[in-house]
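Asks: need coordinates for the below:
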Amino acid sequence: MSKMPGSLGPLRHRGFRLLVAGQLASNMGDAFYAVALPWYVLADHGGVLLLATVLAAYGVPRTGLLVVGGYASDRWRPWVVMMVADSVRAVAVAGLAVVAFSGPANSDLLVPIAVLLGAGEGLFLPGSFAIVPTLLPSEHLQAGNALTSGGTELATLIGPAVGGAVVALLGPAAAFGVDAISFVASAATLAGIRSHQGTERAVIVEGIGATSGVPAPEGAAAATSEHRPQATAQLTLGQFVASERALQVFLVVLVAANLGSGGMIQVALPALAHGPFHAGAGGYGALLAAVGGGALLGTVIAAQARTVRQPALIASMGFLIEAGCLAAIPYLGGAVLAGVALGAFGALNGFGTIIMLTAFQRWAPPQMIGRLMALLMFAALGVFPVSVILGGFVVRWLGPGAFFPLAATLLAVAILLGLTQGSWRSFGVAHDVVTAASWYPNE
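Replies: Residues are numbered from 1 along each chain as shown. Modelled structure (predicted):
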C-alpha cells in the first residue's frame, strides 16, 4: 500500500481498517435509531412517560454492565466480546423493527428490547476502547483514536438528518431495520479482525517503532516507562486503583467534568436557547451542531498532531481554557457568539480527550485495560443522572445562565487540584512503551 499521511497512517493496518468501517456503519445506524425511537413512541401516543421508561430501561443495564464488559474484554479478546454484543443488539433492533411495523408502541415489548440493547452497549463499550491498542503500534495510536472518534462525530453530524429523512419517508420501522443491518455489518468486520498476533507485532523501544513478523522478543514487556504501572495477577482492580494516584486524579477529573456536561447540554443549553437567547428549536440545533463541529475539528487536529510528550499537562491547559469558554456562554449576548464559544469548547474537549485517551491506553497494563476503560466510562456515564437533576434544580431556581459557570468551576477546580499532583503532571510521559498488540499470545 502506498504511503499515507500521518493522520491516515493507522489505516495501513487491516484490522484497524475493518474496525473503522464497522464502527462508522454502527454509529450511522445508532443515529437512525436515535431519531426513530422517540418518533415511534410519541407519534403513536405512547407518551413521554413511556419514552422515559424505555430510555431508563436502556441506560441502567448499559451502566451496570460496563465493568462486566471490561472484565470480559480482559478475559477474552476485545473483538470477540464486541462481536457477541453486536450480534445481540442486531437481533434486538430487528425485533424492534418488527414491533414498529406491526403496530403502536407497547411497553411490554419495548422495555425488554431496551434492556437487551443497553446490556449489549455496556458489554461493547469497554472493548471498543481496549481494542485500538491491540491493532496499532504506539506511534499510530493517537491518530487511530482520532480517526475512530472523528468517525463517531461525523456520524453524529450527518446521521440524524439522513435518519430523519428515512423516518419521514418510510417510517420508524425502516430506520430500525437500517440500525439492525449496521450491527450485522459491524459484527462481520469484527469477525475479520485479527490483532498483530503472529503476523504483526509492535514493540516501541526508546521511542522507535519496530514491527516484525515474529513474536515480541523475550523481555520486551520489561522495556516500559518508569511511569507505566506493572500490574500483577495478584492485584484486584480496586487494589490497583488504590495504588495509582494518577488514576485517582483521572477519575476525579472525569466525574467533575461530566457532573457539569450532562446538565449543561440536556437542560441548561436548551433553556438558554429557548429563554434568554430566544433562539427556538432551530437555534438550539445550531448550538448543538457547533459543539459537534468543534469536537470533530479537535479530533482532526489531534490526528495531525505529533505525539504529545506531556499529555496530561497539555490537556489540562486545554481543559482550563475550555472551562473559561463554558463560563462565558450566557454572557455573550446571543446565540451567535455563544455558538463560537461552544465550538471552541467542543474543539478543546475533542483534542484533549484524544490526547488523554491515547496516554491512558499507553499507560494502562495491557492485561487490565478492559477493566480500566470500563472504570473510566463508569465514572463518566454514572454521574449523568445526577448532572441532569442538578441542572434542572439550578435552572429552575437560578436560571439557565447560572449553570454554565457552575459547570466550568467544577471542571477547573478538578483540573487545578490535579495539577498539584506530580503523578498527574507526569501522567503519560513515556519513552519506552510496549503496546497491547504484543500482549495477546500466538494462536
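Asks: determine the set of other helices and strands touching the strand or helix carrying residue 30.
Replies: According to DSSP states H and E, residue 30 maps onto helix 14-43. With contacts taken as 3 or more Cβ pairs under 8 Å, 6 or more residues apart in numbering; DSSP states H and E, helix 14-43 sits against helix 47-64, helix 78-102, helix 132-135, helix 141-170, helix 172-191. C-betas here are computed from N, CA, C, even on glycine.
Asks: now do it and helix 141-170, the angle between them.
Replies: On the basis of axes from the mean of the first three to the mean of the last three Cα atoms, to 10 degrees, helix 14-43 is oriented at 30 degrees to helix 141-170.
Asks: show me the protein divided up by domain.
Replies: When the chain is parsed into structural domains using automatic domain parsing, the resulting residue ranges are 6-191, 198-225+431-443, 237-427.
Asks: which ones are touching the residue nearest in space to the middle of the chain?
Replies: In the chain, the residue lying closest to the centroid (Cα atoms, centre = their mean) is residue 149, at 7.3 Å. Going by Cβ atoms under 8 Å, 6 or more residues apart in numbering, residue 149 touches 299, 350, 353-354, 357.
Asks: look at residue 299 and report its pLDDT.
Replies: Looking at residue 299, its pLDDT stands at 88.
Asks: isn't it up against residue 154?
Replies: No: Residue 299 lies out of contact with residue 154 (Cβ atoms under 8 Å); the separation is 9.3 Å.
Asks: for these two, work out which one has more neighbours and name it.
Replies: residue 299 (29 against 16; other Cβ atoms under 10 Å).
Asks: in terms of helices and strands, where is that one?
Replies: Using DSSP H and E, residue 299 falls in helix 280-304.
Asks: show me the contact partners of that helix.
Replies: Contact partners of helix 280-304, identified using Cβ under 8 Å, 6+ apart, comprise 6-7, 142-143, 145-147, 149-150, 153-154, 156-157, 265, 269-270, 273-274, 277, 279, 335, 338-340, 342-355.
Asks: now restrict those residues to buried residues only.
Replies: Among those, those buried by neighbour count (16 or more other Cβ atoms under 10 Å) are 7, 142-143, 145-147, 149-150, 153-154, 156-157, 265, 269-270, 273, 277, 279, 335, 338-339, 342-355.
Asks: which residue comes closest to residue 89 once chain neighbours are left out?
Replies: Closest residue to residue 89 apart from its sequence neighbours, by Cβ to Cβ, 6 or more residues apart in numbering: residue 120 at 4.0 Å.
Asks: right, and the one you found touches residue 91 too?
Replies: No: with contact defined as Cβ under 8 Å, residue 120 does not reach residue 91; the gap is 9.3 Å.
Asks: residue boundaries of the helices in the stretch 251-400 of the chain?
Replies: For the stretch 251-400 of the chain, helices defined by DSSP state H, counting those that start in this stretch occupy the ranges 269-274, 280-304, 311-328, 335-363, 369-382, 384-398.
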